[in-house]
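Okay, predicted coordinates and the sequence, questions at the end:
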Amino acid sequence: MTAELGQLFLVLALLTSLVGSILPLAGTFLSLRSWQRLAVPAAHWNAIFGLGAIFCLGWGFYFSDFSILNVVRHSNSALPWYYKIAAVWGSHEGSILFWVAVLGVWSSAVAFSLRRLPLIVGARVLGILSSVSVGLYLFILFTSNPFLRWFPPALDGADLNPLLQDPGMIFHPPLLYLGYVGFAVPFAFAMAALLSGRFDLAWARWMRPWTAVSWVFLTLGISLGSYWSYYELGWGGWWAWDPVENSSLMPWLTGTALMHSLIATQKRGVFKLSTVFLAILTFALSLLGTFLVRSGVLTSVHAFTSDPERGLFILIFLLVSVGLSFFLFALKGARLAYSPDFKPFSKETLLMTGNVLLVVSMGTVLLGTLYPLAIDALNLGKISVGSPYFNTVFGLMALIMGVVMTPALEARWVAGRLDEARSHMLVPALIAFLLGMLLPWVMGEMTWTAAAGFALSAWIAVGTGSAVIRYGLALRRQGLSLKTMNLGFIAMAIAHIGVAMTVFGATAVSHYEVERQVRMLPGNIVTLKDTTIRYNGWKNVEGPNYKGAQGSLSVVDAQGVATDELTPEKRNYDNAKGMTMTEASIRHHWNEDIYVSMGTPTDEGRGWVIRAYVKPFVLWIWIGTLFMALGGGVALFARRARPAENGGKAQ
């Protein structure tokens, strides 16, 4: 009964999506207000039916309904209940359903917010969102139905991939989808603006909060995914330039550019053309990520399926939706063109420079991700584009972007002056240079790439701090309280500090990580820099659906006294065809992580091969991303100021 009800919800969601797309959009062209008004109830019902379908699938997983094929393939009666819930989006079919259900929730939220918008605007925005839903529900019903029956019902299931049996699976995909799908909203606003033939400042005010919320979710999703890889895969990597990782990074880069472009559009009425372009591009990259993960063209721990039929459907949907969007942009975008009236060192110039660098950076990632796939598809051989390419090319772009960030924070609108920028940047530049030279020496080895990374981090942090101090002093001179600080300025400062922290952590761990792989018997020790680890032995452990070995290691001081305990595990999941997983044990400290994982047993089971790492300042990477997300969250509460006529201080 659960599967049949879920099927019904899918059909009803498709029908409401069709009504919500065709009639309201037609009503805008025919000036039929009654048709336009259908957009709001259709959006709400679409959300209800989508959530109903997700609830039915979740019910089947929670109660182990092995008459549903999706449950048979991705769950097991011994699976803990919270992983049964996570298994809803742990399969290809469930993840697509979750994707479109989240889109329904976003559409419903937009519908609730449309009371202060003209009816025709809401009809166009919701009609476009419903059109996207139509394509996805057709994809589900024809190629990826999560409610297909399995007869006779299985006695038990095959289990969820052990790699996904982790708390990260509960939170990472939902956050990522909320970000991915959320960018459909600014896309819909941009397309509605093109259909109307105008993009005024009101459009920027409407788009900005939705963009900020989506960006925050995507930032948190990427950050959690990076941390999950760090502790789950057993080797401590936090970013491997995996194609699926790249598919989430690319819309984040253009989404960041969109955030900055909207600031200029809302404040000064400029960058209208680039704002619309970035909104379309960001959502197009979100769809591209969906194609890469679910088409079968990738081999990755993150990829869901290898079904060519599904891949072809997604590719057609991607080409049609993105092709029509950019065709409309080419047809009507010229109306948004604007002749700049600002000077070379103004805030507008620096924001545009940063946006160009973000888009170019995205292009380098896109090229490195798709080029091997294109070569393979054309039967020209197989090549691999790995970390050396990405680290070099993307690292160079990141360096230039970081240099631009600091002066952009407090430059003046329209009338920025080089002499003013030079006076403000002198002290941060000097401190950055000194720290760039000093910190590699303190860390133990001087390399120019480490010096550049540390100097960049200091440049961003000190420059941001000095800008905040100058802003506060200016308010005091005017007799104003610090509480009157513009929240938009504070949001940017917080996010930029987060960037500085992430750059610092990435530089430190990339250049000064220490690794040892040794065979250890009880009582043996291994030393990594100033850290000594003693192996005490191991014992058998058993979980709800696995059996394994748990090691016991101690971090000891100079007298041999244990100061910390580490308990890595090696698990074997019988229900998942005997798949073996490595569970690392990590001790976090503000200045380093001690990371230990188990390899293979040695000496007739008395010892193990142990991989031990000391990773300096690695935690700063994720703390920095939390600061970025916090900055995006604060931006939501910033006053949506109307445009300044002739510039002024950068607040």
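Received, thanks.

Hmm, residue 95 is touching residue 89, no?
Yes: using Cβ atoms under 8 Å, residue 95 is in contact with residue 89, at 4.7 Å. Backbone N, C-alpha and C define where each C-beta goes, glycine included.

out of those two, which sits in the busier spot?
Taking other Cβ atoms under 10 Å, residue 95 and residue 89 do not tie; residue 89 has more neighbours (28 against 20).

residues in contact with the more buried one?
95, 98, 173-174, 177 (Cβ atoms under 8 Å, 6 or more residues apart in numbering).

Contacts for the helix or strand hosting residue 328, please.
Residue 328 is located in helix 308-332, with elements delineated by DSSP states H and E. Contacts with helix 308-332, where a contact means Cβ under 8 Å, 6+ apart, come from 92, 132, 135-136, 139, 142-144, 187, 191, 194-195, 197, 276-277, 280, 283-284, 287-288, 290-291, 294-297, 305.

one step back: could you name every residue contacting both of residue 95 and residue 89?
By Cβ under 8 Å, 6+ apart, the residues touching both residue 95 and residue 89 are 173, 177.

now the host helix or strand of residue 284: how far from the chain's centre is it?
Using DSSP H and E, residue 284 sits within helix 272-294. Relative to the centre of its chain, helix 272-294 is centred 13 Å away, using Cα atoms, centre = their mean, to the nearest Å.

Just the buried residues of that helix, please?
Residues of helix 272-294 classed as buried: 272-294 (neighbour count, 16 or more other Cβ atoms under 10 Å).

average pLDDT across that helix?
Taken as a whole, helix 272-294 carries a mean pLDDT of 90.

Below-threshold pLDDT in this structure: ranges please.
Within the chain, the ranges that satisfy pLDDT under 70 run 294-308, 338-340, 416, 576-577, 639-651.

mind running it again at 50?
Along the chain, segments meeting pLDDT under 50 span 300-305, 641-651.

need the strands for it, in chain order.
Assigned by DSSP state E, the chain shows strands spanning 514-520, 525-528, 531-542, 547-556, 562-566, 569-573, 579-583, 585-588, 592-602, 607-616.

give me every residue that touches the closest residue to residue 100 other than its chain neighbours.
Among residues not flanking residue 100 along the chain, residue 136 sits closest, at 4.1 Å (Cβ to Cβ, 6 or more residues apart in numbering). When contacts are counted by Cβ under 8 Å, 6+ apart, residue 136 is found next to 96, 99-100, 103, 317.

Restricted to helices, list those residues.
Those of these mapping onto helices are 96, 99-100, 103, 317, per DSSP state H.

In a markdown table: the contacts of residue 136, plus distance to residue 551 and neighbour count.
Below are the contacts of residue 136 laid out as a markdown table (distance: Cβ to Cβ, whole Å; neighbours: other Cβ atoms under 10 Å):
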| residue | distance to residue 551 | neighbour count |
| --- | --- | --- |
| 96 | 40 | 25 |
| 99 | 39 | 22 |
| 100 | 44 | 26 |
| 103 | 45 | 26 |
| 317 | 48 | 19 |
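
Could you identify the most distant pair in these?
103 and 317 (13.3 Å; Cβ to Cβ).

Enumerate every residue touching residue 184.
So residue 184 contacts 103, 106, 129, 132, 283, 286 (Cβ under 8 Å, 6+ apart).

and with 6 Å instead?
By Cβ atoms under 6 Å, 6 or more residues apart in numbering, the contact list for residue 184 reads 132, 283.

Repeat that for the one 5 residues further on.
Remark: with contacts taken as Cβ under 6 Å, 6+ apart, residue 189 is in contact with 125, 206-207.

What's the separation between it and residue 632?
18 Å (Cβ to Cβ, to the nearest Å).

Run a quick neighbour tally on the closest residue to residue 568 other than its chain neighbours.
Counting by Cβ to Cβ, 6+ apart, residue 585 is the residue found nearest to residue 568 once chain neighbours are left out, at 4.2 Å. Counted with other Cβ under 10 Å, residues neighbouring residue 585 total 20.

what pairs with residue 585 across the strands?
Beta-bridge partners recorded for residue 585 (DSSP bridges): residue 596.

So it sits against residue 564, correct?
No: Residue 585 is beyond contact range of residue 564, at 9.9 Å (criterion: Cβ atoms under 6 Å).

hang on, isn't residue 573 packed against residue 544?
No: taking contacts as Cβ under 6 Å, residue 573 lies outside contact range of residue 544: 10.5 Å.

So for those two, which sits in the more crowded spot?
residue 573 (23 against 11).

ok, what's across the strand from the more buried one?
Going by DSSP bridges, residue 573 forms beta bridges with residue 579.

show me the contacts for it.
So residue 573 contacts 162, 546, 579 (Cβ under 6 Å, 6+ apart).

how much space between the second one and residue 573?
Between residue 546 and residue 573 the computed distance is 5 Å (Cβ to Cβ).

ok so, going back, helices and strands around the helix holding residue 284, which ones?
helix 184-196, helix 243-268, helix 308-332 (3 or more Cβ pairs under 6 Å, 6 or more residues apart in numbering; DSSP states H and E).

Using CSV, write down the CA coordinates of that helix.
Only the C-alpha atoms of helix 272-294 are listed here, as CSV (Å, rounded to 0.1, in the frame of the first residue of the first chain):
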residue,chain,number,x,y,z
LYS,A,272,22.4,43.7,-14.4
LEU,A,273,23.6,41.7,-17.4
SER,A,274,26.2,39.7,-15.4
THR,A,275,23.7,39.1,-12.5
VAL,A,276,21.2,37.5,-14.9
PHE,A,277,24.0,35.5,-16.6
LEU,A,278,25.4,34.3,-13.3
ALA,A,279,22.0,33.2,-12.1
ILE,A,280,21.5,31.1,-15.2
LEU,A,281,25.0,29.7,-15.1
THR,A,282,24.9,28.7,-11.5
PHE,A,283,21.7,26.7,-11.9
ALA,A,284,23.0,25.2,-15.1
LEU,A,285,26.1,24.0,-13.2
SER,A,286,23.8,22.5,-10.5
LEU,A,287,22.0,20.6,-13.3
LEU,A,288,25.4,19.6,-14.7
GLY,A,289,26.4,18.2,-11.3
THR,A,290,23.2,16.1,-11.3
PHE,A,291,24.1,14.8,-14.7
LEU,A,292,27.6,13.9,-13.7
VAL,A,293,26.6,12.1,-10.5
ARG,A,294,23.6,10.2,-11.9
